[in-house]
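>>> Give me a model of this one.
(chains A and B)
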Amino acid sequence: MNTSVVIAGVKLKNPVMTASGTFGSGMEYSEFVDLNRLGAVVTKGVSLTPWEGNPTPRIAEVYGGMLNAIGLQNPGIDTFIKRDLEFLKNCDTTVIVNVCGKTMEEYIGVVERLADTDVDMLEINVSCPNVKEGAIAFGQNPEALAKITKALKEKAKQPIIMKLSPNVTDIALMAKICEDNGADAVSLINTITGMKIDINRRSFVLANRTGGMSGPAVKPVAVRMVYQAAQAVSIPVIGMGGIVTAEDALEFIMAGATAVAVGCANFTDPYATVKVIEGIEKYMTDNNVEDVKELTGCVR
Amino acid sequence: MKIKETATIISQECLCEGVYSMWLATSIAKKAQAGQFVSVYSNSDARLLPRPISICEIAGAGDGADTKIPGRIRLVYRTVGEGTREFSRMSAGDKLEILGPNGNGFLPALREEIRPGTKALLIGGGIGIPPMVGLAAQLGCDVTIVAGYRTGKEMFLTEELERYGKLYISTDDGSAGTKGCVIDAIEEAGLNADVIFSCGPRPMLRGVKDFSLSRSIPSYVSMEERMACGVGACLGCVCSAEDVDDHSKVKNKRVCVDGPVFEVSEVVL
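Numbers count the residues shown, from 1 in each chain, chains lettered A, B, ... in the order given. Model (predicted):
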């Protein structure tokens, strides 16, 4: 059985990765999960300097999902390279670093600092809905998305994955813009902007008022968008949004995703990633699927 | 080392309106310390996030305990939403998925501050009272406890607390003990201490911080925040720190793994 997949020349032992922001840099989950089992670890977003993130409450549960408004708190690229990448070096898995910034210069700064590291790929966060500057501002505007994709592709030593926002009118167009400007892959969906109100306090539950929705409730939206993106581009698409089980992951793969990421489900079950991998293997055995690539985009 | 497992409910009772007590059989008991918490998962797929609930008491886990039988932990919690209401409807024999023990607990403080004659003041407010029972049991020094409730009709765990030391009570409406907050009760009784431990709502912790700092008493607070992962990865449950934190490199600390217990001067309340 062959579960490996290739994205921009980088081989993943299986198509299951972690979704940025839900898994730290793997350290916190290594107590539960053998990181060597994972197709890839995608780290939490990292910026040029340390970011404080948003005030609390940053988390709210909603039916079948959750809202988060962390605001990309992170220790900055220097600490990240010294501590988190040093830890990941000892793991036999593909390492993908999620890159964020307020300005184009900041994104470029992070990408350049990562040039001399062992990192396998970069995922460019142009879709976080919880920060006032940068991130989603680049991902919702076709011209801005084109510009940043092109600029980062020129500077990056590693393949770049553009992480797309679902908070757009035409996801196929955004994916196509990334492809046309040199992106090696696209990943989607980031969270859907949402809101929750506390009717007893008559106030917003999140200090940031809005937050990004994730979890099983967003999955049908995510599968649809992955399908549309995969139809529009020939670069690999990485699918995510509410994956809890192998069946969920297989929906994304059949919709056209070369690989998938498990996010919110890590909070419900720290072992979720490995269970998804084992479930895909079982599906392949039960259905005589020799190579997982036979399933990629098989539903048209 | 944290464990995620299916625990069996041994018993459940309602202590007063909206406050429930649940004993669970779990191997987590053998690793847990006072002040740590467990993540309790809902049996409903609609509720994804575990509820962080502090450990009230630990039993059957000491040196003489039977190693073949899992220990027991007691959770005392308030029903604040659908998740905790679901837990409150469960009864003996039912199963719950839990992960723990989480957080640092009071132990690091205990190692440094406590001698047999040490005067420890334990302050709990509302649903911050339960961890004080486990702490009082573990201290082994001169313990005084102050518990703050909304009203005399909604008091809980007073018997347990009285086992370990003199108990003073405050209520918001004055229907039991001192009328006012825990600090009012402390001042009325003229209490002093070598070390203070507290858990409760933010305004109470602020009062405890002022009291501790004004008298230069070493003081430890247990914090609460909305959590997602409970294991330090998601950065959902941070609290504001006075100084730049060594892990986060910003003025934030993670309640779930850096806390929930902090030295009072470390955190902004």
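>>> Pretty sure residue A:266 sits against residue A:18.
Yes - counting by Cβ atoms under 8 Å, residue A:266 does reach residue A:18; the two are 7.0 Å apart. Backbone N, C-alpha and C define where each C-beta goes, glycine included.
>>> the more surrounded of those two?
Per other Cβ atoms under 10 Å in any protein chain shown, whichever of residue A:266 and residue A:18 has more neighbours is residue A:18, with 30 against 26.
>>> list the contacts for the more buried one?
Listed by Cβ atoms under 8 Å, 6 or more residues apart in numbering or on different chains, the contact partners of residue A:18 are A:26, A:29, A:38, A:40, A:41, A:42, A:261, A:262, A:263, A:266, A:273.
>>> filter those residues by proximity to chain B?
Residues of those in contact with chain B (Cβ under 8 Å from any Cβ of the partner chain): A:29, A:266.
>>> who wins for neighbours among the contacts of residue A:18?
For the contacts of residue A:18, the largest number of neighbours (other Cβ under 10 Å) sits with residue A:273, at 32 neighbours.
>>> Thought residue A:38 was touching that one, still the case?
Yes - assessed by Cβ under 8 Å, residue A:273 is found in contact with residue A:38 at 5.8 Å.
>>> returning to what we had before: mind putting the contacts of residue A:18 in a markdown table, pLDDT and secondary structure included?
Below are the contacts of residue A:18 laid out as a markdown table (pLDDT from 0 to 100; DSSP: H, G, I helix; E, B strand; the rest coil):
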| residue | pLDDT | secondary structure |
| --- | --- | --- |
| A:26 | 96 | coil |
| A:29 | 96 | coil |
| A:38 | 98 | coil |
| A:40 | 98 | strand |
| A:41 | 98 | strand |
| A:42 | 98 | strand |
| A:261 | 98 | strand |
| A:262 | 98 | strand |
| A:263 | 98 | coil |
| A:266 | 97 | helix |
| A:273 | 98 | helix |
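>>> that older thread, what touches both of residue A:266 and residue A:18?
Taking Cβ under 8 Å, 6+ apart as the contact rule, residue A:266 and residue A:18 both touch A:29, A:273.
>>> re earlier: pipe the contacts of residue A:18 into CSV and attach distance to residue A:14 per row.
Below are the contacts of residue A:18 laid out as CSV (distance: Cβ to Cβ, whole Å):
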residue, distance to residue A:14
A:26, 16
A:29, 17
A:38, 8
A:40, 9
A:41, 13
A:42, 14
A:261, 12
A:262, 12
A:263, 17
A:266, 16
A:273, 10
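>>> And the lowest mean pLDDT element among the helices and strands of the chain?
Just going to use chain A. Taking mean pLDDT, DSSP states H and E as the measure, helix A:136-139 is the helix or strand of chain A with the lowest mean score, a mean of 87.
>>> Actually, chain B is the one I wanted.
When each helix and strand of chain B is scored by mean pLDDT, DSSP H and E, helix B:107-113 comes last, with a mean of 71.
>>> counting contacts, what elements does the helix or strand just after that helix pack onto?
Next along the chain after helix B:107-113, taking DSSP states H and E as the criterion, comes strand B:119-125. If you count contacts as 3 or more Cβ pairs under 8 Å, 6 or more residues apart in numbering or on different chains; DSSP states H and E, strand B:119-125 packs onto helix B:130-139, strand B:142-149, helix B:182-189, strand B:195-199, helix B:202-214.
>>> ok, residues contacting the last one?
Helix B:202-214 is contacted from outside by B:123, B:125, B:128, B:148, B:181-183, B:186, B:196, B:198, B:200, B:217-219, B:221, B:223, B:264-265, B:269, using Cβ under 8 Å, 6+ apart.
>>> Write the PyMOL selection for whichever of those are buried.
Typed into PyMOL, the next command selects the buried ones out of the contacts of helix B:202-214 (criterion: 16 or more other Cβ atoms under 10 Å in any protein chain shown):
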select buried, chain B and resi 123+125+128+148+181+182+183+186+196+198+200+217+218+219+221+223+264+269
